[in-house]
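# Quick one, structure for this:
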Amino acid sequence: MSHSPYRPTRRQFTRLFSGSAFAMALPSLPHAADAPDLSHVTLRVATFRGQDNTLLPAAGQADFPYRVQFSEFNSGNLIAQAINADAIDLGGWSEIPMVFAAASGSRVAIVATLDGPTTDQAVLTPLHSPYHSVADLRGRRVGYIKATTAHYFLIRMLAQHGMSFADIHPIALGMSEGLTAMKAGSLDAWATYGYAIQTLEADGTARILESARDILSGHYFIGVNPRRLDDPAFRYASADYIRRLGRAYAILTADKPRWAQTVAPVIQVPEPAVLAYLQGQNRPYGTRAWTDADISSAQSVADTFVHAGVLPAGTRVDSIFSPALARLLTT
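Numbering: from 1, shown residues only. This is a model prediction of the structure:
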């Protein structure tokens, strides 16, 4: 979303995002006379393959006035764990790793929201499997990535068919393990996300059994290391980074062929498959300050895990949200 003082409606937001002019509507941080010196700041940033460290340079947004050290991760729960361990300063994930971080008392501060598509989340099954619905997976080996969107939407999909984890043989796997297991034919289905879907579709390994596009909220969050929030220069640099990421998404959303050309060799998926995925996104990416509605949405996710017996009763998420960057992201 735009970081101008007004908040556009979803219809206005979509219309703005349809042209490159929207990128110009995302302002830089205020150049106040008392702005801190950022030359000594280093941001240790988590990225997924083909995302921040690929998109920011491609969109001309990598001329940072501070130093950025990127580290690649393949799931949001690992990013949250890295921030908690003081190994990373900034990273993004969905509502699900966030509620697990809140439940465990992790040292993580949510400072912004990243709105995004839900079309890259699905349960896959081998290309020639006999399964046509999640209901067909009763008693079957189903992989999932623990404490991520895949964990959450698998619970929800099973519930829609009157089932739970007790009705399948669930196998918690990391991203690389899940890819290997699917290619080896050792899973009947896999709940996953991102370019893993296009990778397995492109090489003829798997097909989508059921999409999670109508289950997930499309709210993702950007968290930072709370140990550094007392430093004005760190706050300023973090807000600048988040704004740059928003501008990068706006620029590339307006030119998806360029986006696909940039990302395809990095993720090793054919460019036409990447472009088809980008063109099929049900909503654009955009960064903004978090709102009370985001907290409510995340709490609903937490309640789902509590009901499933995965998280303890009374789990609350509001304490993990920090207003430390609110002014910098909304002025």
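# pLDDT below threshold where in this structure?
Low-confidence segments of the chain (pLDDT under 70): 1-34, 331.
# Grab the longest helix from it for me.
The helix that spans the most residues within the chain, counting by DSSP state H, is helix 232-253.
# Restrict that one to CA atoms and write it as PDB.
Extracted C-alpha coordinates of helix 232-253, given in PDB (Å, rounded to 0.1, in the frame of the first residue of the first chain):
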ATOM      1  CA  PRO A 232      17.100   5.800  16.300                       C
ATOM      2  CA  ALA A 233      19.500   5.100  13.400                       C
ATOM      3  CA  PHE A 234      18.300   1.400  13.400                       C
ATOM      4  CA  ARG A 235      14.700   2.500  13.400                       C
ATOM      5  CA  TYR A 236      15.200   4.900  10.600                       C
ATOM      6  CA  ALA A 237      17.200   2.400   8.500                       C
ATOM      7  CA  SER A 238      14.600  -0.300   9.000                       C
ATOM      8  CA  ALA A 239      11.800   2.000   8.000                       C
ATOM      9  CA  ASP A 240      13.700   3.100   4.900                       C
ATOM     10  CA  TYR A 241      14.300  -0.600   4.000                       C
ATOM     11  CA  ILE A 242      10.600  -1.400   4.300                       C
ATOM     12  CA  ARG A 243       9.700   1.500   2.100                       C
ATOM     13  CA  ARG A 244      12.200   0.500  -0.500                       C
ATOM     14  CA  LEU A 245      10.700  -3.000  -0.500                       C
ATOM     15  CA  GLY A 246       7.300  -1.500  -1.100                       C
ATOM     16  CA  ARG A 247       8.500   0.500  -4.000                       C
ATOM     17  CA  ALA A 248      10.300  -2.500  -5.500                       C
ATOM     18  CA  TYR A 249       7.100  -4.500  -5.400                       C
ATOM     19  CA  ALA A 250       5.200  -1.600  -7.000                       C
ATOM     20  CA  ILE A 251       7.700  -1.200  -9.800                       C
ATOM     21  CA  LEU A 252       7.800  -4.900 -10.600                       C
ATOM     22  CA  THR A 253       4.100  -5.400 -10.300                       C
END
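# what packs against that helix?
Applying 3 or more Cβ pairs under 8 Å, 6 or more residues apart in numbering; DSSP states H and E, one finds that helix 232-253 contacts helix 21-24, strand 42-48, helix 52-58, strand 109-115, helix 256-267, strand 286-288, helix 326-330. From N, CA and C alone the C-beta is placed, and that goes for glycine too.
# which residues sit against the third one?
Put plainly, it is helix 52-58. Residues outside helix 52-58 that contact it (Cβ atoms under 8 Å, 6 or more residues apart in numbering): 45, 47, 62, 70, 72, 244-245, 248-249, 252, 258-259, 262-263, 266.
# So for the longest helix of the chain, what gets flagged as buried?
In terms of neighbour count (16 or more other Cβ atoms under 10 Å), helix 232-253 has its buried residues at 233-253.
# how distant is that helix from the center of its chain?
15 Å (Cα atoms, centre = their mean, to the nearest Å).
# do stretch 74-85 as well
12 Å.
# residues of it that come out buried?
Neighbour-count burial for stretch 74-85, counted by 16+ other Cβ under 10 Å, picks out Asn74, Ser75, Gly76, Asn77, Leu78, Ile79, Ala80, Gln81, Ala82, Ile83, Asn84.
# could these go into a markdown table alongside secondary structure and distance to Gly143?
What follows is the buried residues of stretch 74-85, written out as a markdown table (DSSP: H, G, I helix; E, B strand; the rest coil; distance: Cβ to Cβ, whole Å):
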| residue | secondary structure | distance to Gly143 |
| --- | --- | --- |
| Asn74 | coil | 14 |
| Ser75 | coil | 13 |
| Gly76 | helix | 17 |
| Asn77 | helix | 15 |
| Leu78 | helix | 17 |
| Ile79 | helix | 20 |
| Ala80 | helix | 21 |
| Gln81 | helix | 20 |
| Ala82 | helix | 23 |
| Ile83 | helix | 26 |
| Asn84 | helix | 25 |
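# Out of the residues you listed, which comes closest to Gly286?
Nearest to Gly286 among these is Gly76, at 18.1 Å by Cβ to Cβ.
# Look up the closest residue to the closest one, ignoring the ones flanking it.
With sequence-adjacent residues excluded and distances taken as Cβ to Cβ, 6 or more residues apart in numbering, Gly76 is closest to Trp93, at 2.6 Å.
# Check which helices and strands the host helix or strand of the one you found sits against.
Using DSSP states H and E, Trp93 sits in strand 90-94. Using 3+ Cβ pairs under 8 Å, 6+ apart as the contact criterion, the neighbours of strand 90-94 among helices and strands are strand 42-48, helix 76-84, strand 219-224.
# which residues make contact with that strand from outside it?
For strand 90-94, the external contacting residues (Cβ under 8 Å, 6+ apart) are 43-47, 73, 76-77, 79-80, 82-83, 114, 148-149, 152, 216, 219-225, 238, 241.
# can you rerun that using 7 Å?
With contacts defined as Cβ atoms under 7 Å, 6 or more residues apart in numbering, strand 90-94 is touched by 43, 45-46, 76, 79-80, 83, 114, 148-149, 220-224, 238, 241.
# now it against strand 42-48, angle please.
Angle of strand 90-94 versus strand 42-48, following axes from the mean of the first three to the mean of the last three Cα atoms, to 10 degrees, is 30 degrees.
# Good, wrapping up.
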